[in-house]
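K.L.:
I would like the atomic coordinates for the input below:
(2 chains)
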Protein chains: 2
Amino acid sequence: MIPPETHLQIGSLLFDGLDQIDLTGPFEVLSRIPNTTYRVYAKTTDPVRDVKCLKLTPDATLAEAPQLDVLHVPGGFGQEALMDDEEVLGWLQQQAAGAGSVFSVCTGALLLGAAGLLRGRRATTHWASFHLLPLFGATAVNERVVVDGRWVFAAGVTAGIDGALRLAAELRGDDAARAIQLYMQYAPEPPFDSGTPERAPGAILDQARRAVADITARREATARRVAGRLGIDAAKG
Amino acid sequence: MIPPETHLQIGSLLFDGLDQIDLTGPFEVLSRIPNTTYRVYAKTTDPVRDVKCLKLTPDATLAEAPQLDVLHVPGGFGQEALMDDEEVLGWLQQQAAGAGSVFSVCTGALLLGAAGLLRGRRATTHWASFHLLPLFGATAVNERVVVDGRWVFAAGVTAGIDGALRLAAELRGDDAARAIQLYMQYAPEPPFDSGTPERAPGAILDQARRAVADITARREATARRVAGRLGIDAAKG
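P.N.:
Next comes the predicted model:
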């Protein structure tokens, strides 16, 4: 826990084709931690479109970011285009080295993997990419939120809200997180029980796997190539 | 349920000082209903800042919006500035008259109230504004999602995700909603049980009520004034 009088710099990586709630879910939580600054950073300050075309605009460029106390990395189909992006991967490496907490949501974990930051860690990601984590040297843990020291990994998409509340509690104590939860009226009541591969009806899961088959195959090919660049022996996991 | 071959126009009202997840939560769900167009509308196409300064940009102006099939109205502290805004209230009236579904999240319900659209309806809103609903002629129902015919009301902030899944099911059937829920990996695990006034620890609730006391008092004064304008006898609820 960090003393309330210590100001925290929180920052998200923003990129074209992210899944917007990977960012906006954590933003809703973490921006409400008292005595923090939350800003959104991208390669340029141009607006970007999320995977379903919501328009989001960064506050500043990667180069303008201070050393962050909390580095947040969202995912989404657009992550794939950054897996060899030296500017982005270098920024993640540099920020992660100095940050008190690193927090990925969904396939944001694959970006951390491409930056060589998953080796030896327990991690999670979206269910459709879960099997790719060992290619980056991580141990895949099938939990909604995985905390490994100063690293917090949330599973797919909406898991970022739960992960952010866990992180808020780590940063400023359980009551700070409970106060944010109450403000957000976060007492979820999903109308169906279809939120994981284990619980969704078989036909829905089959359809969902078909829908992501192409991007998953591309992500796997990329992960294998990146593992080679990083010198990770994927067979060893 | 609407046939899958019928294209649906979905639109959100965007305004300065909204609570961004009132919009981005439903966007995540509703933008994934097949054969839909989801666009975000505001008085001008300038970017706006949410209550915690996330920058969002509309796709088009209110005047440019087609007749929507689904009208979505988010809330947030900035709602208060629109309670006498003739352009916005007129747009809500006009769109609501032709829309197949009207969906408010959080204090977006108060905007529907100011447009005279809550009279005689069962509705809900954020817990801190719940007592204001009768001033607009509504029956306040303490449930997370209230469906009253073609009107869907979600309680505070994150309730918009649950409301959107309910609405997706109403629009295109339960399996369409289940498929979206699986994609979003929406199997929430809040780390604390503090998401409603009934469940939050007393000290947390007291602190939260103090934090919103000023805005709640302003909202109440506005609601009483608007009720007068609308000719609603608040005493009758």
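K.L.:
in terms of contact, does A:K43 touch A:E86 like I think?
P.N.:
No - counting by C-beta atoms under 8 Å, A:K43 stays clear of A:E86, with 11.2 Å between them. (C-beta placed from N, C-alpha, C; glycine too.)
K.L.:
So these two - more neighbours on which side?
P.N.:
Set A:K43 next to A:E86 and count neighbours by other C-beta atoms under 10 Å in any protein chain shown: A:K43 wins out with 19 against 8.
K.L.:
what sits against the more buried one?
P.N.:
Residues near A:K43 by C-beta atoms under 8 Å, 6 or more residues apart in numbering or on different chains: A:F15, A:T61, A:L62, A:E87, A:V88.
K.L.:
And those, which of them are buried?
P.N.:
Buried subset of the contacts of A:K43 (neighbour count, 16 or more other C-beta atoms under 10 Å in any protein chain shown): A:F15, A:L62, A:V88.
K.L.:
show me the contacts for the residue lying farthest from the centre of chain A.
P.N.:
Most distant from the centre of chain A: A:A203, at 28.1 Å, with distances by C-alpha atoms, centre = their mean. A:A203 makes contact with B:D175, according to C-beta under 8 Å, 6+ apart.
K.L.:
Let me see the ranges of the strands in chain A.
P.N.:
Along chain A, counting by DSSP state E, strands occupy A:8-13, A:36-42, A:48-49, A:55-56, A:60-61, A:70-73, A:101-105, A:122-123, A:139-140, A:145-148, A:151-154.
K.L.:
Neighbours of the closest residue to A:A96 other than its chain neighbours, how many?
P.N.:
Excluding the flanking residues, the one nearest A:A96 by C-beta to C-beta, 6 or more residues apart in numbering or on different chains is A:V102, at 4.9 Å. Per other C-beta under 10 Å, the neighbour tally for A:V102 reads 25.
K.L.:
wait, doesn't A:V102 sit right on A:F153?
P.N.:
No - A:V102 is beyond contact range of A:F153, at 9.0 Å (criterion: C-beta under 8 Å).
K.L.:
At which residues are the helices of chain A located?
P.N.:
For chain A, the helices defined by DSSP state H cover A:20-30, A:86-98, A:108-114, A:159-172, A:174-183, A:202-211, A:213-230.
K.L.:
Same list (those helices) but as CSV, adding mean pLDDT.
P.N.:
Shown next, in CSV, are the helices of chain A (pLDDT from 0 to 100):
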stretch, mean pLDDT
helix A:20-30, 98
helix A:86-98, 98
helix A:108-114, 98
helix A:159-172, 98
helix A:174-183, 98
helix A:202-211, 96
helix A:213-230, 94
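K.L.:
Could I get those helices in JSON lines, plus columns for distance to B:A187?
P.N.:
Formatted as JSON lines, those follow (distance: least, C-beta to C-beta, whole Å):
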{"stretch": "helix A:20-30", "distance to B:A187": "14"}
{"stretch": "helix A:86-98", "distance to B:A187": "28"}
{"stretch": "helix A:108-114", "distance to B:A187": "18"}
{"stretch": "helix A:159-172", "distance to B:A187": "8"}
{"stretch": "helix A:174-183", "distance to B:A187": "17"}
{"stretch": "helix A:202-211", "distance to B:A187": "13"}
{"stretch": "helix A:213-230", "distance to B:A187": "20"}
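K.L.:
quick one on the thing from earlier: so which of the strands of chain A gets nearest A:Y183?
P.N.:
Among those, strand A:36-42 comes nearest to A:Y183, with 14.8 Å by C-beta to C-beta.
K.L.:
about what we covered before: adding mean pLDDT, write the strands of chain A out as JSON lines.
P.N.:
Listed next are the strands of chain A as JSON lines, based on pLDDT from 0 to 100:
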{"stretch": "strand A:8-13", "mean pLDDT": "98"}
{"stretch": "strand A:36-42", "mean pLDDT": "98"}
{"stretch": "strand A:48-49", "mean pLDDT": "98"}
{"stretch": "strand A:55-56", "mean pLDDT": "98"}
{"stretch": "strand A:60-61", "mean pLDDT": "98"}
{"stretch": "strand A:70-73", "mean pLDDT": "98"}
{"stretch": "strand A:101-105", "mean pLDDT": "98"}
{"stretch": "strand A:122-123", "mean pLDDT": "98"}
{"stretch": "strand A:139-140", "mean pLDDT": "98"}
{"stretch": "strand A:145-148", "mean pLDDT": "98"}
{"stretch": "strand A:151-154", "mean pLDDT": "98"}
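K.L.:
could those go into CSV alongside distance to A:P190?
P.N.:
Shown next, in CSV, are the strands of chain A (distance: least, C-beta to C-beta, whole Å):
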stretch, distance to A:P190
strand A:8-13, 25
strand A:36-42, 27
strand A:48-49, 27
strand A:55-56, 25
strand A:60-61, 36
strand A:70-73, 24
strand A:101-105, 18
strand A:122-123, 25
strand A:139-140, 24
strand A:145-148, 17
strand A:151-154, 17
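K.L.:
right, and the ones you listed - which one's nearest B:D148?
P.N.:
Nearest of the strands of chain A (C-beta to C-beta): strand A:55-56, 32.0 Å.
K.L.:
quick one: contacts of that closest one?
P.N.:
For strand A:55-56, the external contacting residues (C-beta under 8 Å, 6+ apart) are A:14, A:18, A:20, A:23, A:40, A:47-50, B:40, B:54-59.
K.L.:
try 10 Å this time
P.N.:
With C-beta atoms under 10 Å, 6 or more residues apart in numbering or on different chains as the test, strand A:55-56 has contacts from A:12, A:14-16, A:18, A:20, A:23-24, A:40, A:42, A:47-50, B:20, B:24, B:40, B:45, B:47, B:54-59.
K.L.:
hmm, which of those residues are the buried ones?
P.N.:
A:12, A:14-16, A:18, A:20, A:23-24, A:40, A:42, A:47-48, A:50, B:20, B:24, B:40, B:47, B:54-59.
K.L.:
Okay then, goodbye and thanks.
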